[in-house]
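> How does the following fold in three dimensions:
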Amino acid sequence: MSAQSFTGTFTTYWLDQPEHHLWLREQTHQLIAFGKAARLPDGGFGWLDEQGRLDNACRPQTLVTARMTHVYALAALQGIPGAAALVDHGLKALTTLFHDDEAGGWFSEVQEPGASDTKEAYLHAFVGLAAASATQAGRPGAHELLNDACHIIDTHFWSDDEGAMRENSDRFWTEGEAYRGANSNMHSVEAFLAIADALNAPAWRHRALSIAERLIHDNARQAGYHVIEHFDDAWQPLRDYNQDKPGDPFRPYGVTPGHGLEWSRLLINLEAALLKNEGTAPDWLARDAAALFDAALAGWSADGAPGMVYTLDWAQQPVVHERMHWVMAEGVCTAAALLARTGHAVYEHWYRTFWDYIDLYLIDRHHGSWHHELDRYNQPSTTVWSGKPDIYHALQATLFPRLPQAPTAAQWLKRHPETLR
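Reported below is the predicted structural model:
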């Protein structure tokens, strides 16, 4: 079913019902409690397995640490005991354990034999997000970390000429890959909105708009609002990229419907941020957001079973049938955002549909958190992801529908702590 084909009505919306808010709060608290087991005694946060135990086979990663620092900053802003100490624990690791003191920036993992020393835009966006949220939470050292992250992004990743982010570099910033990615730029939009709020710096919001215009209004619009994920360094689409590795966790082949949902929500956030802070926003942001949502629905039950497949080919046929938890998390956030923006009942339909799916298949009531991956029959799977690495996507799904589209969550919770009572 496409968004346009829905003709139903509702007498009430879930987000108008106190019991739904109570259910969301309960899910938030359960996820926050689950994630505490990821704290590593030597610094940062580790990878949790399916049962919520630390997976010692996984080297400590900056990505997991940054995401967990961000979500515990949101928890601290809600007044949840123990959260502030976990934010400080994450900040310390980002400042020391994962930081490259010689060349600047952040390694993707603890530097041990065999570890990569490539500097990734995707990763640095999450460091910026974590630092911005921790700054809003008033944690010691967060503002300094945020300034450092902004300096590295400014100096080594942001391209004024391209109006977007370069993908990566070697350790000493001398050579980068001849590749540009939509995924790293998408999460840069997320980070830049948070940075703009934390530093009261509108330039970061303008950068987010520049990225969205290139990736979505220019490229995705020409592809029927199916997000083109891969480009060369001249921004020419690479539609066959990773055709031999279709299930790559960060650079899969073809169309990733979940990213269409995520971009859709970010465009609504961006529009709201621009309107709130500058009084004007391009009218294409809301139109493109709705079109992205509709195009992403091509992945829903694409193989005949409930759920959103991970990837499609360019003829909209399933390639990787696995269902990722983050896709449904983004689905509920996006449906809620579009419902708030438009009032159209179709988005209430999808908000309910996505939560019903999450409740039935993804929430793990035995071991906690959500299954991060299901197979085409909606059974737990480990084809692309193993274990339950972090609570970032799931936590935001339980929180964002209860908040306005702007400012970003950390700033809203800082200014309006009574919101979630």
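> Distance check, F231 against N185.
10 Å (Cβ to Cβ, to the nearest Å). Just so you know, the C-beta spots here come from the backbone N, C-alpha and C atoms, and that holds for glycine as well.
> er, H366 I mean
H366 is 38 Å from N185, by Cβ to Cβ.
> which ones are touching the residue lying closest to F250 once chain neighbours are set aside?
Closest residue to F250 apart from its sequence neighbours, by Cβ to Cβ, 6 or more residues apart in numbering: N183 at 6.1 Å. Contact analysis of N183 by Cβ atoms under 8 Å, 6 or more residues apart in numbering lists 122, 229, 250-251, 259.
> and if you look at W158?
Contacts of W158 by Cβ under 8 Å, 6+ apart are 165-166, 207.
> Ramachandran coordinates for the residue nearest to F250?
phi -70, psi -50 (degrees, to the nearest 10).
> W300 pairs with what?
M308 (DSSP bridges).
> wait, doesn't it sit right on M308?
Yes. Contact between W300 and M308 holds when scored by Cβ atoms under 8 Å: they sit 5.4 Å apart.
> which residues are in contact with both of those two?
Contacts common to W300 and M308, judged by Cβ under 8 Å, 6+ apart, are P257.
> re earlier: H366 and N185 - which one has more neighbours?
Shown here are H366 and N185; by other Cβ atoms under 10 Å, N185 has more neighbours (28 against 6).
> ok, now which ones touch that one?
121, 164-165, 211, 214-215.
> Helix or strand for it, just tell me which one.
helix 182-199 (DSSP states H and E).
> Sketch out the helices for this structure, chain order is fine.
18-35, 62-77, 83-95, 121-136, 142-152, 182-199, 202-212, 221-222, 257-278, 284-296, 325-342, 345-357, 392-399, 409-415 (DSSP state H).
> now the angle from the fourth one to helix 182-199?
Regarding helix 121-136 and helix 182-199, their directions subtend 20 degrees when assessed with axes from the mean of the first three to the mean of the last three Cα atoms, to 10 degrees.
> Show me what helix 121-136 is packed up against.
helix 62-77, helix 83-95, helix 142-152, helix 182-199, helix 409-415 (3 or more Cβ pairs under 8 Å, 6 or more residues apart in numbering; DSSP states H and E).
> chain center to that helix: distance?
Put simply, helix 121-136 sits 12 Å off its chain's centre (Cα atoms, centre = their mean, to the nearest Å).
> low pLDDT regions in the stretch 101-250 of the chain?
Scanning the stretch 101-250 of the chain for pLDDT under 70 picks out no residues.
> What's the local residue count around the nearest residue to D248 once chain neighbours are set aside?
For D248, ignoring the flanking residues on the chain, the nearest one in space by Cβ to Cβ, 6+ apart is N242 at 5.4 Å. The number of residues packed near N242 is 17, by other Cβ under 10 Å.
> ok, now the one 4 residues further on?
When neighbours are counted by other Cβ under 10 Å, P246 registers 15.
> Skipping adjacent residues, who's closest to it in space?
Per Cβ to Cβ, 6+ apart, closest to P246 is Y253, 4.2 Å.
> list the contacts for that neighbour?
240-243, 245-246, 311, 313, 319.
> Of the contacts of N183, which is the nearest to F6?
Closest approach to F6 among the contacts of N183 (Cβ to Cβ): H259, at 22.4 Å.
> State the distance from the closest one to G368.
27 Å.
> Look at those two and report which has more neighbours.
Neighbour totals were compared for H259 and G368, and H259 leads with 24 against 19 (other Cβ under 10 Å).
> so what's the residue nearest to that one when sequence neighbours are not counted up against?
Among residues not flanking H259 along the chain, V227 sits closest, at 5.1 Å (Cβ to Cβ, 6+ apart). V227 makes contacts with 182, 215-216, 219-220, 255-256, 259-260, 263, 292, as judged by Cβ under 8 Å, 6+ apart.
> out of the residues you listed, which are buried?
Listed as buried from those are 182, 215-216, 219-220, 255-256, 259-260, 263, 292; burial here means 16 or more other Cβ atoms under 10 Å.
> Specify which member of those residues is nearest to N378.
T256 (19.1 Å).
> Please tell me I have it right and that closest one contacts V309.
No. Under the criterion of Cβ under 8 Å, T256 is not in contact with V309, lying 9.6 Å apart.
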